[in-house]
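Structure for this input, please:
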Amino acid sequence: MRAFVIVFLAIVIPGGVILALEAGLLDEYVDQIPAETLILQELNASVGPDELDGLILEAIDDGRQDDAEMYVEIAAYMNRPLSPQTQDALPASQTPTAVVLRNTGNFFEGFVTGEGSDNAAFAGAVTSDLTVIGDIRDIGGEGSKLVAGEEYSEIVLGLSVVGLAVTAGTVASAGGGLPARVGVSLLKVAKKAGTMTKSFTKELGQLVSRAVDFPALRRTLSDVSLANPNATRRAIGTYADNVKGAELFPVLARMDDMRTTVGPAESVRLMKYVKNTRDLDNVADMSKTLGVKTRGIIELTGKTSLRAFKGAINILRWMVEWVWALGAAILGWLGLAGSRRVMKRRRIRIADAKAAATPNKLA
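Numbers count the residues shown, from 1 in each chain. Below is the predicted model:
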């Protein structure tokens, strides 16, 4: 009967907890559980003993130094020691000469083209936009297609117009112009790099189309020599009064939030996990907790928000560990108390034995 009760409770209690979690009845308590505790649980359950070594070596062989360093950080986060082979391979890829050669060329490539594949190239692309060179370049390229009636990127062109309008101070953006400018640049680079999902592209396109009147923009650009940067800038300055970016600016600010925690390159790469603006909020919040490890942890676990780590299975794991820890503490306390009682009884027996062996002087 006692065994039946134990088995019954072992089934009913976890089942009840899962149902309560799914129904949201425990949300208030779940929110108080440290996310990083559950993240480490998920990582330890998902990542094999040698998996990080393999990922680091593969990244080094492919020239993806950024990825290699990201997985090194995750290994340290998990307190996972790296193999001697991995430790030997890392210094060779991090020599000053290798870093300078790799970064210099890629930075200028990103600056000129607005595209890239690593930290240096993405930094170059963002820098060119912050100096308005990138916006003018893209307005010239995509605007020419618009005027000619050819297929063009509404997102790249629209964001470039918004960026120039913010720079000129014609359009007021919440939180100041710099976050909006950075957000514009990051989204443009993500679009060009192909890291922007189709669903987010669609939602962003709707926001951009409400911010920029493209028929009016076409009429403005039709009278301008788009090969002339100064003429292009003056024309957009005149048109900028038509820009309505109230709905777009929160998205741009969120991109800048992410950039401050993980850098421009990782912000662009993380966009492949963003399907809508809610996902953008989740990933940005996640990056505040995990920093540059964010993308690697998403790839290893499939989780794209801190809340996702607080699922029923992880909560049960956390509860079991907590119960085991509590049980161990109780057993330790009981063992200590028991040993004290045994020692006390032993001292009493020894004292009684000594008393019995000592002659009674009064006798």
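
What are the structural domain limits within this structure?
Annotated domains of the chain cover 1-32, 98-275, 314-363 [automatic domain parsing].

Which of the ones you listed has the lowest mean pLDDT?
Within the domains of the chain, the stretch with the lowest mean pLDDT is domain 1-32, showing a mean of 51.

Can you read off the backbone torsions of G194?
phi 80, psi 20 (degrees, to the nearest 10).

State the number of residues packed around it.
10 (other CB atoms under 10 Å). The way it works is simple: take the backbone N, C-alpha and C, and place the C-beta from them, glycine included.

can you check the one 4 residues further on too?
When neighbours are counted by other CB under 10 Å, K198 registers 8.

my guess is I139 contacts A227, does it?
No - at 11.3 Å, I139 does not count as touching A227 under the criterion of CB atoms under 8 Å.

So for these two, which sits in the more crowded spot?
Shown here are I139 and A227; by other CB under 10 Å, I139 has more neighbours (27 against 9).

Report the buried residues of the helix or strand hosting the more buried one.
Assigning secondary structure by DSSP states H and E places I139 in helix 133-148. Neighbour counts using 16 or more other CB atoms under 10 Å place 134-143, 146-147 of helix 133-148 among the buried residues.

want to throw those into TSV with distance to E266?
As requested, these are exported to TSV (distance: CB to CB, whole Å):
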residue	distance to E266
G134	19
D135	23
I136	27
R137	24
D138	23
I139	27
G140	29
G141	27
E142	26
G143	30
L146	32
V147	36
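
mind listing the helices in the stretch 1-150 of the chain by residue range?
2-22, 27-30, 35-46, 51-61, 65-78, 84-93, 96-113, 119-130, 133-148 (DSSP state H, counting those that start in this stretch).

ok, now the stretch 201-350 of the chain?
Using DSSP H, counting those that start in this stretch, helices in the stretch 201-350 of the chain cover 214-222, 229-239, 249-270, 277-290, 294-301, 312-357.

average pLDDT for the fourth one?
Which is helix 277-290. Across helix 277-290, pLDDT averages out at 93.

How about the shortest one?
Computed over helix 294-301, the mean pLDDT rounds to 94.

buried sites along it?
294-298, 300-301.

Same question for the fourth one.
Along helix 277-290, the positions that meet the burial threshold by neighbour count (16+ other CB under 10 Å) are 277, 279-287, 290.

Can you name the residues in contact with it?
35-36, 39, 200, 203, 250-251, 254-255, 257-258, 261-262, 266, 270, 273-274, 294, 297-298, 304-307 (CB atoms under 8 Å, 6 or more residues apart in numbering).

Give me the buried subset of the residues you listed.
When the contacts of helix 277-290 are checked for burial by 16+ other CB under 10 Å, the buried set is 35, 39, 200, 203, 250-251, 254-255, 257-258, 261-262, 266, 270, 273-274, 294, 297-298, 304-306.

Can you report how many residues neighbour A123?
Neighbour tally, A123, other CB under 10 Å: 20.

now swap in D67 and tell me
20.

now the residue lying closest to it once chain neighbours are set aside: how far from G140?
Distances taken as CB to CB, 6 or more residues apart in numbering put A59 closest to D67, at 3.9 Å, once the chain neighbours are dropped. Distance of A59 to G140, given as CB to CB, to the nearest Å: 37 Å.

same check, this time on V156
Distance from V156 to G140, by CB to CB: 11 Å.

tally of neighbours for the closest residue in space to A123 that isn't next to it in sequence?
Take A123 and drop its neighbours on the chain: the residue closest to it by CB to CB, 6+ apart is P264, 5.6 Å away. P264: 25 surrounding residues under other CB under 10 Å.

right, and V182 touches V126 too?
Yes - between V182 and V126 a contact is recorded at 6.9 Å, counting by CB under 8 Å.

Could you pull out the residues contacting both of those two?
Common neighbours of V182 and V126 (CB under 8 Å, 6+ apart) are P264.

Compare those two and say which is more crowded by neighbours.
Shown here are V182 and V126; by other CB under 10 Å, V126 has more neighbours (28 against 24).

what's near enough to touch the more buried one?
110, 182, 185-186, 189, 264.

any idea which of these is closest to I74?
P264 (20.5 Å; CB to CB).

my read: the closest one touches A120, true?
No - when contacts are counted by CB under 8 Å, P264 is not listed as touching A120 (10.1 Å).

which ones are touching the residue nearest to D67?
Counted by CB under 8 Å, 6+ apart, A59 has contacts 65, 67-68, 71.

Also G140?
Going by CB under 8 Å, 6+ apart, G140 touches 226-227, 229, 232.

out of those residues, who has the most neighbours?
Neighbour max across these (other CB under 10 Å) = T232, 22 neighbours.

What distance do you get for that residue to P81?
T232 is 56 Å from P81, by CB to CB.

so what's L43 closest to, chain neighbours aside?
M78 (5.5 Å).

show me the contacts for that neighbour.
Contact analysis of M78 by CB under 8 Å, 6+ apart lists 40, 43-44, 47, 52.

what's the answer for L204, then?
So L204 contacts 155, 187, 196, 251 (CB under 8 Å, 6+ apart).

Serialize these to TSV and add fields for distance to R218 and secondary structure.
What follows is these, written out as TSV (distance: CB to CB, whole Å; DSSP: H, G, I helix; E, B strand; the rest coil):
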residue	distance to R218	secondary structure
I155	16	helix
L187	22	helix
M196	24	coil
V251	24	helix
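
List just the nearest of these to Y239.
For the contacts of L204, the nearest to Y239 is I155 (17.7 Å; CB to CB).

count of residues packed around that closest one?
Residues within reach of I155, counting by other CB under 10 Å, total 21.

Roughly how far does it sit from K188?
8 Å.
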